[in-house]
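Enquirer: pasting the sequence and the predicted coordinates here, then a few questions.
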Amino acid sequence: MNKEILIRYDRCTGCRSCELACAVAHSASKTLFGALSEKKPPRKRIFVHQVGSKKVPLNCRHCAEAPCIDACIAGAMHRTAEGVVTNEDGEQPCTGCWMCVMVCPYGVIRSELAEKIALKCDRNCLDGSGTPACVRACPTGALVYGAVDSFAADRRQEFLSKALL
Ligand code: SF4
Ligand code: SF4
């Protein structure tokens, strides 16, 4: 996975469009209207929090050394060939022991209590261009899907423009 979902914290307005799009992308119908009437309500895997006066989106970083993979006693949490950390479609099923929930430093793994499995960002929401649903839905560009070095280069350019011009 050479692209990451990176966050421009200064651009988040807290509209929660990303949360909604994530939930819809993980619904059976994949539509907002259909999702509202589904028996099992779809669950979001990105979280927008209020911290002081700021709105802060939090999502899985798909850590290079992922504590959730190390902690998964069942062997369900794994990394795909694309670099996505997930407990879905692996060799072993998730047993809902919540070890991954306990060790994730960002708190971005939640429970699906009805099925007793852990839920997390699985990137099963990409469109034809390979862009995640949350990124597509963000109206302000607070979520950026791209290479880390390219993101950093943009930030340097912005800083230099403000500092020197
Ligand atoms: S779920 Fe948490 S610990 Fe696991 S890869 Fe994502 S951010 Fe890292
Ligand atoms: S969609 Fe964008 S602006 Fe709205 S809450 Fe999510 S990150 Fe913030």
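Expert: Okay, I see it. Ligands and ions are numbered 1, 2, ... in the order given.
Enquirer: give the buried residues for the longest helix anywhere in the chain.
Expert: The longest helix of the chain (DSSP state H) is helix 148-164. Within helix 148-164, the residues that count as buried by 16 or more other C-beta atoms under 10 Å are residue 151. (Each C-beta comes from the backbone N, C-alpha and C, glycine too.)
Enquirer: quick one: list the elements packing against it.
Expert: Here helix 148-164 touches strand 4-7, going by 3 or more C-beta pairs under 8 Å, 6 or more residues apart in numbering; DSSP states H and E.
Enquirer: can I get the longest helix of the chain in PDB? Just the C-alpha atoms.
Expert: Extracted in PDB, the C-alpha atoms of helix 148-164 (Å, rounded to 0.1, in the frame of the first residue of the first chain):
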ATOM      1  CA  VAL A 148       3.200  10.300   2.300                       C
ATOM      2  CA  ASP A 149       6.200  12.000   0.700                       C
ATOM      3  CA  SER A 150       3.900  13.800  -1.700                       C
ATOM      4  CA  PHE A 151       1.700  15.000   1.200                       C
ATOM      5  CA  ALA A 152       4.900  16.200   3.000                       C
ATOM      6  CA  ALA A 153       6.100  18.100   0.000                       C
ATOM      7  CA  ASP A 154       2.800  19.900  -0.300                       C
ATOM      8  CA  ARG A 155       3.000  20.900   3.400                       C
ATOM      9  CA  ARG A 156       6.600  22.200   2.900                       C
ATOM     10  CA  GLN A 157       5.500  24.300   0.000                       C
ATOM     11  CA  GLU A 158       2.600  25.700   2.000                       C
ATOM     12  CA  PHE A 159       4.800  26.500   4.900                       C
ATOM     13  CA  LEU A 160       7.500  28.200   2.700                       C
ATOM     14  CA  SER A 161       4.800  30.200   0.900                       C
ATOM     15  CA  LYS A 162       3.500  31.600   4.200                       C
ATOM     16  CA  ALA A 163       6.900  32.100   5.700                       C
ATOM     17  CA  LEU A 164       8.700  33.700   2.900                       C
END
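Enquirer: strands of this protein, start to end?
Expert: 4-7, 47-51, 54-58, 78-79, 85-86, 110-112, 117-119, 143-146 (DSSP state E).
Enquirer: what lines up beside the fourth one in the sheet?
Expert: The reference is to strand 78-79. Here strand 78-79 is paired, per DSSP bridges, with strand 85-86 (antiparallel).
Enquirer: many thanks, I have nothing further to ask.
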